[in-house]
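Q: sequence? don't have it. structure:
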């Protein structure tokens, strides 16, 4: 293969690169300390997360993964730990659909272990028993959400619902 052909092929190849990973925000609230330490430790955990993306420059995107863990003992809140773990990712030459998958499936998979470690560390430093959040597969969740959205769209069309706000003929 000639150098020109190789350069043309490399120029059109999709690029996905991690530019930077950082913590945007971290908070640990313990509203019922020290009284909660006298309670029998039967934690009820709730995990919430949200992923937001923002285009920074032509090829750079920020992905902000918010992970919130709320722990209750009975009716009392033991702690609320929230982390915004973020990263800047470079994406270029991505075919249709790939950019969305990289930003909402792959990037959160990269960021989540950092958020898990920060939450675990914050919980232990607050003298609560260790908390190890289970791994999550954001790529699988992405595909599942897309499949559900496609099924819902097919159902809406089959039931005669308009998908663009206009009546169907």
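A: Yep, it's here. Please read all numbers here as calculations on a predicted model, not as lab measurements.
Q: name the next helix or strand following the top strand by length along the chain along the chain.
A: Using DSSP state E, we find that the single longest strand of the chain is strand 76-92. Later in the chain than strand 76-92, the nearest helix or strand by DSSP states H and E is helix 98-101.
Q: circling back: what packs against the longest strand of the chain?
A: Under the contact criterion of 3 or more C-beta pairs under 8 Å, 6 or more residues apart in numbering; DSSP states H and E, the helices and strands touching strand 76-92 comprise strand 15-29, strand 60-73, helix 107-125. Where you see a C-beta, it was placed from the backbone N, CA and C, and this is true even at glycine.
Q: quick one: average confidence on it?
A: Model confidence over strand 76-92, given as mean pLDDT, is 98.
Q: how far does that strand sit from the chain's center?
A: Between the mean C-alpha point of strand 76-92 and the mean C-alpha point of its chain there is a distance of 8 Å (C-alpha atoms, centre = their mean, to the nearest Å).
Q: of the helices and strands packed on strand 76-92, which approaches residue 46 most closely?
A: Closest of the helices and strands packed on strand 76-92 to residue 46 is strand 60-73, at 4.5 Å (criterion: C-beta to C-beta).
Q: quick one: the closest one to strand 76-92, angle?
A: Comparing the axes of strand 60-73 and strand 76-92 via axes from the mean of the first three to the mean of the last three C-alpha atoms, to 10 degrees yields an angle of 170 degrees.
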